[in-house]
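Undergrad: Next comes the sequence, and after it the predicted model I'd like to discuss.
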Amino acid sequence: MKILIQMEGFIVSATSRTYNFQVTDTPGEFRKFSVEVSLESFQATPLKFQDGPLITRERLEQELDRETEALHAEAHMRIGDPDILQYLGRHYPPKMRTWTPPSKARATDRA
């Protein structure tokens with residue numbers, strides 16, 4: 001059976017947006033997942049609020065694809081700089097991909 005992923009909405013807090021999903025991979029059985037994006041990520045990177053549902057869904061799909069019988073996806077995940085870089089590389093033209101995480105920017109400044 002193919003996995004069905006449904007977004008159930010999101011919750012905005014003072015520091016983040018948390019997107020909630022329901023995943024059905026066995027008929028009649030479902031699991032709940034949440035993927036959090038810090039509000040700072042929307043301000044410090046080219047990521048837009050409109051990107052929230054897709055970047056979080058893609059992260060969830062990535063974790064579900066890695067699942068095995070012994071290792072299941074975590075119920076709560078966070079979007080980090082590597083996720084944002086990968087997302088921008090897939091969905092934005094090269095001009096938009098000039099953002100680098102602060103940790104990488106500091107390392108290149110020293111070189």
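TA: Perfect, I can see it now.

Undergrad: what about the helices in the chain?
TA: Assigned by DSSP state H, the chain shows helices spanning 39-44, 52-65, 81-91, 102-110.

Undergrad: closest to residue 22 out of those helices?
TA: helix 52-65 (10.7 Å; CB to CB). From N, CA and C alone the C-beta is placed, and that goes for glycine too.

Undergrad: quick one: average confidence on stretch 61-76?
TA: Stretch 61-76 carries an average pLDDT of 94.

Undergrad: got the end-to-end distance for it?
TA: 13 Å (CA to CA, to the nearest Å).

Undergrad: contacts for that stretch?
TA: With contact meaning CB atoms under 8 Å, 6 or more residues apart in numbering, stretch 61-76 is reached by 3, 5, 23, 25, 31, 32, 33, 34, 35, 36, 60, 77.

Undergrad: now with 10 Å?
TA: 3, 5, 18, 21, 23, 25, 31-36, 59-60, 77, 83, 86 (CB atoms under 10 Å, 6 or more residues apart in numbering).

Undergrad: same deal with stretch 42-54?
TA: Residues contacting stretch 42-54 (CB under 10 Å, 6+ apart): 7, 9-10, 12, 16-19, 21, 35, 37-39, 41, 55, 58, 79, 81, 83-85, 87-88, 90-92, 95-102.

Undergrad: Using PDB, write out the CA atom coordinates for that stretch.
TA: The C-alpha coordinates for stretch 42-54 follow below in PDB (Å, rounded to 0.1, in the frame of the first residue of the first chain):
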ATOM      1  CA  PHE A  42      11.900  32.400   7.800                       C
ATOM      2  CA  GLN A  43      13.700  35.700   8.600                       C
ATOM      3  CA  ALA A  44      17.400  34.700   8.300                       C
ATOM      4  CA  THR A  45      17.100  32.700   5.000                       C
ATOM      5  CA  PRO A  46      15.300  33.000   1.700                       C
ATOM      6  CA  LEU A  47      12.700  30.500   3.000                       C
ATOM      7  CA  LYS A  48       9.200  32.000   2.900                       C
ATOM      8  CA  PHE A  49       6.100  31.200   5.000                       C
ATOM      9  CA  GLN A  50       4.600  29.700   1.800                       C
ATOM     10  CA  ASP A  51       7.400  27.200   1.800                       C
ATOM     11  CA  GLY A  52       6.500  25.800   5.200                       C
ATOM     12  CA  PRO A  53       4.000  23.100   4.200                       C
ATOM     13  CA  LEU A  54       6.300  21.700   1.400                       C
END
